[in-house]
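K.L.:
just coords:
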């Protein structure tokens, strides 16, 4: 068995290295490839073909990949009958055309090989489990990356994936507070607003500031910070405000927290639109021209790291203390847990990640305006948390993608008046989607209160148990 | 002097008037909270629905039918919401029922958006109360003068109901101790229904007075007055009706003073700042009582 | 002479007009088992709550191991309303939250069992080890505290071992039978490493056999962990069996104190429990 695994792993690694190597060298080998496709040099005699071929080589000379690709496609389509394309050539062409995806795929195989070796030789169960998780994450990222390169970065699917990842982060952050610590807070939109603004304010390039802050003489801030620094700053700013709000409010009963945070979000919204702060916030005008997503992998990576940190924290001794507070405040206090400090911790951390989520949302939307961060946004996120299951991180993630996909994509048709033959489908017109959507949500809240996951987590070992032992095998992990 | 009055009186009058309208909404919040310990997030939307009902009914019916019909339908809506969205969750954790309230609010807003196509609708002029009058050189609508009077009359009637009738006694008992009242044979569900009916009734009247001052209704128009009314209820001490009324007048007047000072942007923010300040210095509100939790 | 572990001085707790605990003074010496008894509603649990910081007494002081942990005098409206019999007010005001008092070494159980409902037996005990952590949020999140974490888990397992619940450690706490839930509460309290353990009606709802076993168990853990134990209990057999001394309160007032034999024959105690015929 061990030998078998080793052989497969070795094969995978060789394959991976080969794939990565060929895609790296594909550019250099393209001129040679062109010669091999046309062994009799037919291009010399056919002027059309020569022009097509030249377009490819021109692209190569200018180091313009897009141009080369376009040229190559036309060349291949137009003169397929004259070209000699064997499997070797086909493979190398493919490697050139899908370079990044090939490298990603190679990386995947490489990781798979390493994990396989790990599972064969490493005795520590934790390391093996970690390996499998790393593999899964690589699969996810490579999959998304290849998808992005094939269906296009601006397709509906990519939009949903981007927004879904952002909402997943924000929902998990809210779940930390509402689901794990039992604090009913409704300030999420406010903290996201702070995050979005802080990110935008600090990351707009200096050269663009005059244009963005055209009503405020180019604005007050005349420097710009790198994207990641701005995102971290966005989180810190949100956390700072949460700390201030928490000072008075977290000592009170939970209901007051709900209304105070809701109120706080409203105050923040008004303050950021205030004309007097215009040189910083641009008043009620849009903020724009800040760095935005170049690839869907960015929100995935940032949200992924943040969610991982939250998950690690929830499974640490502090997370256990949060859950104790949720289950019974008085007993938790009798166990030596300082209610105020732990609530404050949970609140500040949740807000930090809400701020980061806000920054990502700004990048996704490419513009920011305070008036979009309404209580309705908070409600949406809260409902995502409920649908996913209060107290389940994987539930929140799953529900976020479902929610975004349903509201932005799958249910879009409900908003369009549709006529089939002579029959006009009743009810379908602008706004119907949201009605259907809210009815579904109410149904979940009323009849399916546990949500998708309840307070359980998605876990591979449980899934495996279910497959191997049939029903009823799943124990608590 | 005369100038000063005529310049500032409208703001004061508007404050008192808006305060009365907030009071009518705030009573609904405070009564529901007193009995169910639930922040009824949908209350502000019921208030908005009442406005739309008035808009649509008035387009087809004469005022003397549309006015009572609006009130009846609003009351039915409040009653229905409680039965459908809150009653099944009686045994659930309190957070669930608040989430359900948020869900209802979301649903009502989306429904209003769908029906109206998201466009602002012209609120009908109700004869007499929409007429303008002049007092001390200031011009204002009659509704401004009527609101505080009507509010006080309604509050007095409500207070009679609560202190002099059997159902009022039951309500007081339930708000003291839910479980014991149930054991004593009080029909909890009836009490809760009556609470929602009264709340919606007052919200419907509040809605007529409020929107007579504004010309247009939008699906989210009720969200902000709803929130402010809730703040008023907390300010006065949640669960206390006189507290809610006084809190509402204070907030209404303060808000208009802020507007008079030219800080309109902050008039909403001010309300919430006030809330946070009150919570810090007197968490139980003006008239609230401290509660000891049994260990 | 060593100082008492717990020393209450004139503790009075008044809710509105009701005086629940009135001028209660008492002390408990090291490694004693002391019982607090009295009819229902006599103010026993309120006394516990005053010691553990759940309530701040209206008046009076509590010393733990010679250290003042609670001290209060009537304030605000209570100055006029105060109806306690002891009218001398301490000058200092010391208010400690329950978590601080637990950290000092006073643990408790609850009359109406308060386990963490969504957690397993093991997790319930594990939570109680949180207060002695040295890790901060960051080190705990990044798993830099794995040594400490392992110690916490071992400690929790030892406590479960001590109360005999090790074989049900992965079950949901609330799925246990009543008697085991009470033991779990004790295990959880023990996991905070207390020197003084307050037990609020540990035998409530148990049959005579279970009660006897519980008595032996309490004596056992007292010896094993060198604890001082203060308990509220209604089962007189248990109280007489295991207590070194007994305090009796009625309507918030101390009516008798002494070793079990003295209490058994005390006419005031008999009156308080059985009432008197009035002709």
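P.N.:
Arrived safely, thanks for sending. Source: prediction; values computed, not measured.

K.L.:
buried ones in the longest helix along chain B?
P.N.:
Counting residues, the longest helix found in chain B (DSSP state H) is helix B:2-36. Using 16 or more other C-beta atoms under 10 Å in any protein chain shown as the test for burial, helix B:2-36 gives B:9-11, B:13-36. C-beta here means a position set from N, CA and C on the backbone, and glycine is covered the same way.

K.L.:
quick one: average pLDDT of it?
P.N.:
The pLDDT scores in helix B:2-36 average 85.

K.L.:
for stretch A:456-464, same thing?
P.N.:
Here the average pLDDT along stretch A:456-464 is 75.

K.L.:
which stretches of the stretch 1-150 of chain A have low pLDDT?
P.N.:
Across the stretch 1-150 of chain A, the ranges flagged by pLDDT under 70 are A:43.

K.L.:
what ranges does it have for its helices?
P.N.:
A:2-37, A:47-62, A:65-78, A:87-97, A:99-121, A:125-151 (DSSP state H, counting those that start in this stretch).

K.L.:
of all the ones you listed, which one is nearest chain C?
P.N.:
Across the helices of the stretch 1-150 of chain A, chain C has its closest neighbour in helix A:125-151 (10.4 Å, C-beta to the nearest C-beta).

K.L.:
circling back to that earlier point, in terms of secondary structure, what does the longest helix of chain B contact?
P.N.:
Helix B:2-36 is packed against helix B:43-60, strand B:138-141, helix B:142-164, helix B:166-176, helix B:188-213, helix B:223-236, helix B:241-260, with contacts defined by 3 or more C-beta pairs under 8 Å, 6 or more residues apart in numbering or on different chains; DSSP states H and E.

K.L.:
mean neighbour count and distance to chain C added to the helices of the stretch 1-150 of chain A, as CSV?
P.N.:
Converted to CSV, the helices of the stretch 1-150 of chain A look like this (neighbours: other C-beta atoms under 10 Å in any protein chain shown; distance: least, C-beta to the nearest C-beta, whole Å):
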stretch, mean neighbour count, distance to chain C
helix A:2-37, 15, 28
helix A:47-62, 15, 47
helix A:65-78, 16, 40
helix A:87-97, 15, 40
helix A:99-121, 19, 19
helix A:125-151, 15, 10
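
K.L.:
now these as JSON lines including distance to chain B?
P.N.:
Converted to JSON lines, the helices of the stretch 1-150 of chain A look like this (distance: least, C-beta to the nearest C-beta, whole Å):
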{"stretch": "helix A:2-37", "distance to chain B": "48"}
{"stretch": "helix A:47-62", "distance to chain B": "49"}
{"stretch": "helix A:65-78", "distance to chain B": "41"}
{"stretch": "helix A:87-97", "distance to chain B": "46"}
{"stretch": "helix A:99-121", "distance to chain B": "40"}
{"stretch": "helix A:125-151", "distance to chain B": "30"}
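
K.L.:
need those helices in CSV with distance to residue C:261, can you?
P.N.:
Shown next, in CSV, are those (distance: least, C-beta to C-beta, whole Å):
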stretch, distance to residue C:261
helix A:2-37, 74
helix A:47-62, 105
helix A:65-78, 98
helix A:87-97, 96
helix A:99-121, 70
helix A:125-151, 59
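
K.L.:
helices or strands up against the helix or strand containing residue A:379?
P.N.:
Taking DSSP states H and E as the definition, residue A:379 sits inside helix A:375-388. Packed against helix A:375-388, as judged by 3+ C-beta pairs under 8 Å, 6+ apart, are the following elements: helix A:156-175, helix A:188-203, helix A:254-273, helix A:393-405, helix A:432-447, helix B:94-116.

K.L.:
mean confidence (pLDDT) on that helix, please.
P.N.:
Average pLDDT, helix A:375-388: 91.

K.L.:
do a quick rundown of the helices in the stretch 51-200 of chain C.
P.N.:
Using DSSP H, counting those that start in this stretch, the helices assigned to the stretch 51-200 of chain C run over residues C:78-81, C:98-104, C:121-127, C:137-141, C:146-163, C:178-190.

K.L.:
which residues sit in contact with residue C:235?
P.N.:
For residue C:235, the contact set (C-beta atoms under 8 Å, 6 or more residues apart in numbering or on different chains) comprises C:203, C:206, C:211.

K.L.:
mind doing that once more with 7 Å?
P.N.:
C:203, C:211 (C-beta atoms under 7 Å, 6 or more residues apart in numbering or on different chains).

K.L.:
and residue B:151, by the same measure?
P.N.:
Going by C-beta under 7 Å, 6+ apart, residue B:151 touches B:20, B:23, B:24.

K.L.:
among the helices of the stretch 51-200 of chain C, which comes closest to residue C:22?
P.N.:
helix C:78-81 (14.0 Å; C-beta to C-beta).

K.L.:
so where is the stretch 1-150 of chain C shaky, pLDDT-wise?
P.N.:
Using pLDDT under 70, the stretch 1-150 of chain C drops low at C:1.

K.L.:
interface residues of chain C facing chain B?
P.N.:
Residues of chain C lying close to chain B by C-beta under 7 Å from any C-beta of the partner chain are C:15, C:49, C:54, C:110.

K.L.:
now do the last one: how many residues are near it, please.
P.N.:
Going back to what we said before, that points to residue C:110. Other residues lying near residue C:110 total 21 when counted by other C-beta atoms under 10 Å in any protein chain shown.

K.L.:
pick out the residue of chain A closest to chain C.
P.N.:
Scanning chain A for proximity to chain C using C-beta to the nearest C-beta identifies residue A:336 as nearest, at 2.9 Å.

K.L.:
distance of the nearest residue to residue A:96 once chain neighbours are set aside from residue A:33?
P.N.:
Nearest residue to residue A:96, sequence neighbours excluded (C-beta to C-beta, 6 or more residues apart in numbering or on different chains): residue A:26, at 3.8 Å. Per C-beta to C-beta, to the nearest Å, residue A:26 is found 8 Å from residue A:33.

K.L.:
and for residue B:23?
P.N.:
82 Å.

K.L.:
ditto for residue A:145
P.N.:
25 Å.

K.L.:
repeat that for residue B:15.
P.N.:
From residue B:15 over to residue A:33 (counting by C-beta to C-beta), the distance is 81 Å.

K.L.:
ok, the closest residue to residue A:413 other than its chain neighbours - how many residues close by?
P.N.:
Once flanking residues are discounted, residue A:413 sits nearest to residue A:428: 7.6 Å by C-beta to C-beta, 6+ apart. By other C-beta under 10 Å, 15 other residues sit near residue A:428.

K.L.:
next one: the one 10 residues further on
P.N.:
Residue A:438 has 22 neighbours, counted by other C-beta under 10 Å.

K.L.:
and if you look at residue A:226?
P.N.:
The local packing of residue A:226 (other C-beta under 10 Å) involves 11 other residues.

K.L.:
next one, pLDDT for it please.
P.N.:
For residue A:226, the model assigns a pLDDT of 93.

K.L.:
near chain A, which residues of the stretch 101-250 of chain C?
P.N.:
So far as C-beta under 7 Å from any C-beta goes, the stretch 101-250 of chain C lies against chain A at C:102-103, C:108, C:110, C:114, C:116-120, C:123, C:126-128, C:130-131, C:133, C:135, C:137, C:140-141, C:143, C:149, C:152, C:170, C:188, C:192.

K.L.:
just the buried subset of these, written out for PyMOL, thanks.
P.N.:
Selection command for PyMOL covering only the buried members of those, criterion 16+ other C-beta under 10 Å:
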select buried, chain C and resi 102+103+108+110+114+116+118+119+120+123+126+127+128+130+131+133+135+137+140+141+149+152+188+192
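
K.L.:
so who does the residue nearest to the spatial centre of chain B touch?
P.N.:
By C-alpha atoms, centre = their mean, chain B has its centre lying nearest to residue B:25, at 0.7 Å. Contacts for residue B:25 (C-beta under 7 Å, 6+ apart) come out as B:43, B:47, B:203, B:206, B:225, B:226, B:229.

K.L.:
let's go with 8 Å and repeat that
P.N.:
Applying C-beta under 8 Å, 6+ apart, the residues near residue B:25 are B:43, B:44, B:47, B:202, B:203, B:206, B:225, B:226, B:229, B:248.

K.L.:
compute the number of surrounding residues for the nearest residue to it once chain neighbours are set aside.
P.N.:
Nearest residue to residue B:25 in three dimensions, chain neighbours excluded: residue B:229, at 3.6 Å (C-beta to C-beta, 6+ apart). By other C-beta under 10 Å, 32 other residues sit near residue B:229.
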